[in-house]
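> Coordinates for the following, if possible.
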Amino acid sequence: MSFIKRREMMARTIHVHRVPAAIAIVVLTFTIVYFVNFHQEERPAFYGMLRNQDKVNLRKLLIGSIQAAQRGGMEVLDVAQTRNLNERSKGKTDEGANDPFTDADGRSHCIMKEGLHRIFPRIKMFSEEDKVSCASVATFDLDPTVLHETADLPNELVDINDVTIWLDPLDATQEFTEKLYQYVTTMVCIAVKGVPVIGVIHSPFIGQTAWAWVDHSMSEYLAAIKPINPDTSKPLIAVSRSHAGTVKELTRNVFGEDSAILTAAGAGYKVLQVISNNATVYLHSTKIKKWDTCAGHALLNALGGDMKNLHREKIDYGPEGSPVNDKGIIASVVAIEEYEKKLQEFLKGNKAFINR
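Numbers count the residues shown, from 1 in each chain. Coordinates of the predicted model:
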């Protein structure tokens, strides 16, 4: 074959393939114009699906959070029944107390975090036991039946980058090792832009799950509680059993000698005592982790209460910064501003009480 004929054949080949290429360009151009010019509500459904890839459904997060807390609680119960705790120490707390870890902590952490991570893989998530390695963990699928029948909840979407999940796989581990099971809880919290909006506190040994989605709904247990108007001159203050610091002395100085003290374990348990009207205020003067307080904070907000640090500052539950709140907490359902004011008046000249 001559050189000239080969060139003619190549030219014909190239010419033949220009047609589908031109068609593809026209189709692509039409598609771009089509999407750009449609009003948002008129765009095809699959375009909305693509657009929502950066969104997460808070109703589904609530369902997953309830399941995670309850599944974690099942692991805690299972270890408690066998009494094969495999207890070891993570070190000492700032107060010099032992900080224990058991197989229940690890197993609860794995089912809770891996279960939620499989369903919501792109959400930032923090757990007290993030150093634990999880392998071959059974996960779960979303089960809407964990919501009570009267919970009519919307499919509310928020930006996925605004969401942070805080997990406490076993609150009150020390008490768990001592068989003081009433204090033990598993907790999940969903924060949006650093604000706790969904909280779940599950008490596995009691079989009770308290949950709330701020401004939307709450568990039947919480809804049945009627806040009372306490005698603010004689409050009952819930303080930590194992991380008390000088909070008892602080209580007497701030609220007077007539104030009573409820010594209890577990941040989740103490918030539940405040919510249930068994205590007036939850006060903590030393460092505390955000996975300890976030879920309870959300429940208090849903009931019209609040939790702040001892400087009356909001606690930020976003992903940035330290998971440690080193300014203590004060929490209540009613009269929170009055209690905060009393605390601030005392701390103006006695700031050394914080973290003692």
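> pLDDT averaged over the helix or strand where residue 237 lies - what is it?
Per DSSP states H and E: residue 237 is located in strand 236-240. Averaging pLDDT along strand 236-240 gives 92.
> Can you name every helix or strand that it contacts?
Contacts defined by 3 or more CB pairs under 8 Å, 6 or more residues apart in numbering; DSSP states H and E place strand 236-240 against helix 247-255, strand 260-264, helix 267-275, strand 281-284. C-beta: built from backbone N, CA, C; applies to glycine.
> For the last one, which strands pair with it and how are they oriented?
According to DSSP bridges, strand 281-284 has the following sheet partners: strand 236-240 (parallel), strand 329-332 (antiparallel).
> mind checking how far that strand is from the chain centre?
For strand 281-284, the separation from the chain centroid amounts to 20 Å (computed by CA atoms, centre = their mean, to the nearest Å).
> quick one: low-confidence ranges for the protein?
Within the chain, the segments meeting pLDDT under 70 span 1-52, 92-97, 243-245, 349, 351-356.
> Any idea what the one residue sitting closest to the centre of the chain is bridged to?
The centroid of the chain falls nearest to residue 189 when counting by CA atoms, centre = their mean (1.6 Å). Beta-bridge pairing of residue 189 under DSSP bridges involves residue 166, residue 199.
> contacting residues for it?
With contact set as CB atoms under 8 Å, 6 or more residues apart in numbering, residue 189 has these partners: 65, 165-167, 196, 198-200, 291, 294-295, 297-298, 317.
> Quick one: buried ones out of those residues?
Using 16 or more other CB atoms under 10 Å as the burial test, the contacts of residue 189 include 65, 165-167, 196, 198-200, 291, 294-295, 297-298, 317 as buried.
> ok so, going back, next, the angle from the strand holding residue 237 to strand 260-264.
Angle, strand 236-240 to strand 260-264, by axes from the mean of the first three to the mean of the last three CA atoms, to 10 degrees: 30 degrees.
> how close does the residue nearest to residue 268 when sequence neighbours are not counted get to residue 330?
Leaving aside its sequence neighbours, residue 268 sits nearest to residue 185 (CB to CB, 6 or more residues apart in numbering; 3.6 Å). Using CB to CB, to the nearest Å, residue 185 is found at 20 Å from residue 330.
> between these two, which one's more packed in?
Between residue 185 and residue 330, counted using other CB atoms under 10 Å, residue 185 has the larger neighbour count: 31 against 24.
> Please give me every residue in contact with that one.
When contacts are counted by CB under 8 Å, 6+ apart, residue 185 touches 168, 171-172, 201-204, 266, 268-269, 272.
> Are any of the residues you listed buried, and if so which?
Using 16+ other CB under 10 Å as the burial test, the contacts of residue 185 include 168, 171-172, 201-204, 266, 268-269, 272 as buried.
> Name the residues of stretch 135-155 that are buried.
Going by neighbour count (16+ other CB under 10 Å), the buried part of stretch 135-155 is 140, 146-147, 151.
> now stretch 113-131
Buried residues in stretch 113-131, defined by neighbour count with 16+ other CB under 10 Å: 113-117, 119-120, 123-129.
> likewise stretch 177-194?
For stretch 177-194, burial by neighbour count (16+ other CB under 10 Å) applies to 177, 180-181, 183-192.
> So which of these belong to strands?
Secondary structure from DSSP state E places 185-192 of the buried residues of stretch 177-194 in strands.
> Residue 104: which of these is nearest?
Distance to residue 104, by CB to CB, is smallest for residue 186 among those, at 9.8 Å.
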